[in-house]
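Trainee: Okay, predicted coordinates and the sequence, questions at the end:
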Amino acid sequence: MQDASPSLDQIRRAPKVLLHDHLDGGLRPETVVELAVEQGYRGLPSLDAAELAAWFVADTPRRDLVRYLEGFTHTVALMQHTTALRRVAAECVEDLATDGVVYAEVRFAPELHTERGLDLDEIVEAVLAGFADGMATAATKGRLIVVRALLTAMRTAARSLEIAELAVRHRDVGVAGFDVAGPEAGYPPTRHLDAFQHVQRENFHATLHAGEAFGLPSIWQALQWCNAERLGHGVRLIDDVTVHEDGTVSLGRLAAYVRDRRIPLELCPTSNVHTGVAASLDQHPIALFRRLNFRTTINTDNRLMSGVTLSSEMARCAEAFGWGWSDLRWLSINAMKSAFYPFDDRLALINGVIKPGYEALEAESAFRVSRHLPAPRGTAAADG
Ligand SMILES: [Zn+2]
C-alpha cells in the first residue's frame, strides 16, 4: 500500500493519544476572557479573544522559558474557583475529542489553585468532575474519549509528598499518576525523592519533567533515583546520541538504557521551539528518536501557549520529516502502550480503535492516490 502523505484534516480524524498536556496551558481564549470578566480580573493584556490568543502564543523562536511561563500567571489566576476549574477541565476534554484524541492524560498542579482558599482535594474533585462532564458531552456527539489526570508537584516548592499522597488518594476515581514540573536548573528531581518513593511503595505511576531545559544528569536522576516510568520531554537525551559523519549513530550508556528499556519520551516539538530548547521544528530531535526506534510519543504540552493541537503537531512533523501514516500510527500506539491505564484497556483501545482507525485512513489515502484525487479538505469539523 502506498503511504500517501496525511493531510491535517485526515489527521484530525485519526485516533490519537496524548500523554503530555497541561490543563492551565490549554484554555480556550474565549474562556479566559469570560472568566476574567466574571471574576473582575484586570490583568489580561486584552479582552478580545483573538488578540489574546495571539498574545498567548509565544511564537518567537528561542524565546526564553521565563517569558513563555508568563501566560500561566493569567490562566492560573483565573482557575481558583471550583466552577472555573470544572469548566476548564470539561472544555479541555471537548476540545481534545473534537481533535480526534481518544485517550489523554492531562496534568495540573493542585498547589497552584489554592490562592482563594480551595483545598487540594476540592481542586482535584472539581477537575475530575469537569473531565467527566467533558467525556459525557463528547459521547453525545458520538466521540468516545477517555481522559485521566496526572497530578503535578512544583519542583521549586516543598509539597511533592503531599501531592503524591493526593494522587494516590484519587487513583480509583480518575487520577492516573504523579509528575514533577518547573525549572530544572538548581532543582534536581532528587529533592523530591520521598514523593517518588511513596508513589513506588503504593504501586502507582510517575512521570517526571526532565531533560527539557537541562541535560543528562536530570534524566539520569529521574530514572535511576526517582524511578520515573516516562520522561516528560526527555529531549536533551539527544546529548547522549552521536551522529557520525558517515551517518551511523552511536548511543551513550544512558541513551542506550532508555531505548533498551523502552522508556517513553513525551516529546513536545513546537513547545521546545518556543522555549528555545530546539532551534527549529525541522531540527527537532524527534525525527532521530523516531528513526532510532526510541519509545517516541508526540505531545502538545500547552495548546494555548503554543497555538497547537495534537493533530497540527503531527501534521507539522509529517511535513517536516516526511512522515506517513505508518509513522503516525506508530506514535499513537507507542503512546497508548505507555499510558498509565490498565493493560486490558490499553489493548482494547489499540486493537479496537487505533489500529482500525489508521487502517481506514491509510486505505482512503491509498485509494485517493490511485485515483489521483486530492485529500479531503474541511470535513473534520463537520462530524462534530
Ligand atoms: Zn510539560
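Mentor: Thanks, I have it.

Trainee: helix/strand/coil for residue 142?
Mentor: Secondary structure, DSSP: H, G, I helix; E, B strand; the rest coil: residue 142 is coil.

Trainee: Output the below-cut-off pLDDT ranges for the chain.
Mentor: Under the criterion pLDDT under 70, the flagged ranges of the chain are 1-4, 58-67, 374-384.

Trainee: Kindly recompute the last result at 80.
Mentor: In the predicted model of the chain, residues 1-5, 58-69, 213-214, 368-384 satisfy pLDDT under 80.

Trainee: Quick check: end-to-end length of stretch 315-333?
Mentor: Using Cα to Cα, to the nearest Å, the end-to-end distance of stretch 315-333 comes out at 17 Å.

Trainee: How far away from the center of its chain is that stretch?
Mentor: Computed by Cα atoms, centre = their mean, to the nearest Å, the chain-centroid distance of stretch 315-333 equals 16 Å.

Trainee: Tell me which residues are up against that stretch.
Mentor: 3-8, 11, 14-17, 269-270, 281-282, 284, 286-287, 290, 296-298, 308, 314, 350, 354-355, 358, 361-362, 365 (Cβ atoms under 8 Å, 6 or more residues apart in numbering). C-betas here are computed from N, CA, C, even on glycine.

Trainee: Out of the residues you listed, which end up buried?
Mentor: 4, 6-8, 11, 14-17, 269-270, 281, 284, 286-287, 290, 296-298, 308, 314, 350, 354, 358, 361-362, 365 (16 or more other Cβ atoms under 10 Å).

Trainee: Okay, and which of the residues you listed map to helices?
Mentor: Judged by DSSP state H, the subset of those located in helices is 8, 11, 269, 270, 286, 287, 290, 314, 358, 361, 362, 365.

Trainee: if I pick the second one, what's in contact with it?
Mentor: In this structure, residue 11 makes contact with 100, 311, 314, 315, 318, 328, judged by Cβ under 8 Å, 6+ apart.

Trainee: Equivalent analysis for the fourth one, please.
Mentor: Under the criterion of Cβ under 8 Å, 6+ apart, the contact list for residue 270 reads 281, 300, 301, 306, 307, 308, 313, 316.

Trainee: pretty sure the last one belongs to a helix, no?
Mentor: Yes: note on residue 316: a helix contains this position according to three-state DSSP.

Trainee: distance of it from residue 26?
Mentor: 18 Å (Cβ to Cβ, to the nearest Å).

Trainee: More neighbours: those two, which one.
Mentor: residue 26 (25 against 19; other Cβ atoms under 10 Å).

Trainee: Wait, the more buried one touches residue 95, no?
Mentor: Yes: Residue 26 lies in contact with residue 95 (Cβ atoms under 8 Å); the separation is 7.2 Å.

Trainee: Tell me where the stretch 1-150 of the chain has strands.
Mentor: 16-22, 101-108, 146-154 (DSSP state E, counting those that start in this stretch).

Trainee: Is it possible to get a markdown table of the ones you listed that adds distance to residue 186?
Mentor: Below are these laid out as a markdown table (distance: least, Cβ to Cβ, whole Å):
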| stretch | distance to residue 186 |
| --- | --- |
| strand 16-22 | 22 |
| strand 101-108 | 22 |
| strand 146-154 | 13 |
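
Trainee: Pick the most buried one from those strands.
Mentor: strand 16-22 (a mean of 27; mean count of other Cβ atoms under 10 Å).

Trainee: Please report how far the spatially closest residue to residue 364 that is not a sequence neighbour lies from residue 255.
Mentor: Distance criterion Cβ to Cβ, 6 or more residues apart in numbering; nearest residue to residue 364, sequence neighbours excluded, is residue 10 at 7.4 Å. Distance of residue 10 to residue 255, computed by Cβ to Cβ: 33 Å.
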